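Enquirer: need a structure here:
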Amino acid sequence: MNGMTSIYSSMAIVLATATHAGALQDVPGPRWVSADGRSEVILEGLFQVMGSVVEGGRSPRANLGLSRMRPELAGSFDDSLHFRVEPNFAAEGVELEEAWIGMDVRSSRALLMAGRMKVPFGLEEVRSRRHINFTRFSILNQFSPAEEHGLFLNGKSDSGRLEYGVSATDGVESGDSDTSVNLAGRIMLHPHAQEPASRWRNLQLGLAATTGSLNADAGDLSVQNAAGRDVIQMAGGVRLDGDRTRLGFEAAWFDGPWFVQAEHMLMEQGMRAGGGAEDVGFSGSYLEVARVLTGESKSFKGVTPDQSFDPATGNGRGAWILAARISELRSDQLLQSGGLAEAGTYTSSIRNLSLGLNWVMNRHMILRQALVRSVYSDDVFVGGEARSGESALMFGLQLHF
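Expert: Numbers count the residues shown, from 1 in each chain. Modelled structure (predicted):
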């Protein structure tokens, strides 16, 4: 209990400090527009402090730290040339999350970009982190590609019913020691986009795939549970060596206060331990449902409270969101039989249930908290003790503009 009190006290200090800042007013981020209106520069930001408390046997059992401090600079020139820069100042150091330059093509119906940005695969990953329902993505996300260097093309059809993204990247972000090119593609169908009166107008169905090869050390890699703690630890000397393919299916829908999204993913990765090579498979699914208890509408752009909470005066209720997510991740038996996983860490599946309650204070601040339960089909050793599952309390404070 003392650990919980200390963590929430720290959260209160962070909240009080953020409250004092003038950026909390419900106003858009700074924007500078040229005299002719054809060029602009936009300043945005995303700042997140996150923490968790887990069951005994883990070290640390409780933590609280800066997860993301990301000032974002974007803009366009002459209506057709665009750029974006997103450095992230985290506790581990500074990294460049996104940095690209691009140009409009196909009569401005598509954008061609060069630089570093998100690979078009995985609904969770390509969505903005500003408006997710939990502090962490689902357990599937650890197998989705994130930002990589390369060429990207994103666009949509004239009707808006079809949206697509393709990329060619170098795989360096995955530790690849080869010079192979990784390809990815994602297609999204909005079947009722031209029916504004339909309650299904915001239905989205998608299909994505990646292909490439990878040659990298896997000794420090692991399969994590829903709280981000290591479960299946790869054995020393194991390498990711060979082709890697992914196939993903996605669906999402929102209407009024309801929001639903789901994904299913298949991945096969060539791995090697000693002289033997294996094609190891992983698969999984999740279903996430959320409802705004205070009645506001919810979308991929988040929720705007009808009554914003003003931290300075304590007036306004903000908006409250109840969310639930069930998921399962299945790992190939070859991890155990082929000696790819450390003894005592393998489980064929990890099932998860997450229940979250989020307080959207205003357009710029969100407090997230969730109870997370992970269940293992095979006992795994944590802190020298066999476990069939683990629970965690997770929370995070976010400021964005």
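
Enquirer: use CA for all of it now, contacts and neighbours both
Expert: Will do.

Enquirer: ok, L203 to A324 distance?
Expert: 19 Å (CA to CA, to the nearest Å).

Enquirer: got a pLDDT number for T245?
Expert: On the pLDDT scale, T245 is placed at 96.

Enquirer: Please tell me I have it right and it contacts A208.
Expert: No: the criterion here is CA atoms under 8 Å, and T245 misses it with A208 at 10.9 Å.

Enquirer: And the two? Which one has more around it.
Expert: A208 (22 against 18; other CA atoms under 10 Å).

Enquirer: Would you agree the more buried one is in contact with I187?
Expert: Yes: using CA under 8 Å as the test, A208 is close enough to I187 to be in contact (6.3 Å).

Enquirer: So E124: helix, strand or coil?
Expert: Following DSSP: H, G, I helix; E, B strand; the rest coil, the label given to E124 is helix.

Enquirer: list the contacts for it?
Expert: Contacts for E124 (CA atoms under 8 Å, 6 or more residues apart in numbering) come out as F137, N141.

Enquirer: so what's it scoring on pLDDT?
Expert: pLDDT for E124: 95.

Enquirer: separation between it and P145?
Expert: In terms of CA to CA, E124 sits 11 Å off from P145.

Enquirer: If we ignore the residues flanking it in sequence, what's nearest V372?
Expert: Nearest residue to V372 in three dimensions, chain neighbours excluded: S354, at 4.4 Å (CA to CA, 6 or more residues apart in numbering).

Enquirer: I meant G242, not that one.
Expert: Spatially, and ignoring its direct neighbours in sequence, G242 is nearest to G270 (4.4 Å; CA to CA, 6+ apart).

Enquirer: Is that neighbour bridged to anything, and to what?
Expert: D279 (DSSP bridges).

Enquirer: Does E95 have any beta-bridge partners, and if so which?
Expert: If you apply DSSP bridges, the partners that E95 bridges to are N88.

Enquirer: That one: how many residues sit nearby?
Expert: 12.

Enquirer: what does L240 give?
Expert: 25.

Enquirer: could you pull out the helices for the stretch 301-401 of the chain?
Expert: With DSSP state H, counting those that start in this stretch as the criterion, the stretch 301-401 of the chain has helices at 334-337.

Enquirer: Q142: what secondary structure?
Expert: Going by three-state DSSP: Q142 is helix.

Enquirer: Show the pLDDT at G236.
Expert: On the pLDDT scale, G236 gets 89.

Enquirer: Pull up the pairing partners for the one helix or strand S167 maps to, direction included.
Expert: When elements are assigned from DSSP states H and E, S167 belongs to strand 162-169. Here strand 162-169 has these sheet partners by DSSP bridges: strand 147-156 (antiparallel), strand 182-189 (antiparallel).
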